[in-house]
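> Fold the stuff below for me.
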Amino acid sequence: MQLKPTIIGISEGIHYLVGATDENQDFCALPSLLEVEVCGSLSDAKQFLRVHDVTEAQLLLQTPYDEMCGLPASPPTAQTIHF
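As a prediction, the model looks like this:
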């Protein structure tokens, strides 16, 4: 199973989730950890991954606003980041 290190941020959220996504886009903990990490900032999330020898991750930014208005959820904005 191929896992991509992933950071998830939610619009106006106060934390970032750090883990991995698989080929089905399911989010889970990194293989070296038992659970998903919660970080207080994007800088903290990147530093957490650096400490675990990860130098590239997928950054997913999500917004709940479409769903709040009764519209279908829009796909997250995704970007590969290097650090």
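
> residue boundaries of the strands in this protein?
Counting by DSSP state E, the segments of the chain that form strands are 4-10, 16-21, 27-28, 37-39, 56-62, 77-82.

> Now the first one: buried residues?
Read that as strand 4-10. Buried positions in strand 4-10, judged by neighbour count with 16 or more other C-beta atoms under 10 Å: Pro5, Thr6, Ile7, Ile8, Gly9. (C-beta placed from N, C-alpha, C; glycine too.)

> Tell me the one of those residues nearest Asp53?
For Asp53, the closest of the buried residues of strand 4-10 turns out to be Pro5, at 10.2 Å, with distances computed as C-beta to C-beta.

> roughly how far apart are the closest one and Gly70?
Going from Pro5 to Gly70 by C-beta to C-beta, to the nearest Å gives 34 Å.

> and if you look at Ile10?
Per C-beta to C-beta, Ile10 is found 19 Å from Gly70.

> Over to Ala45?
31 Å.

> Between the two, which is the more surrounded one?
More neighbours sit around Ala45 than around the other of Ala45 and Gly70, counting by other C-beta atoms under 10 Å; the figures are 25 against 6.

> hmm, back to that, is it possible to get TSV of the buried residues of strand 4-10 that adds pLDDT?
Shown next, in TSV, are the buried residues of strand 4-10 (pLDDT from 0 to 100):
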residue	pLDDT
Pro5	98
Thr6	98
Ile7	98
Ile8	97
Gly9	96
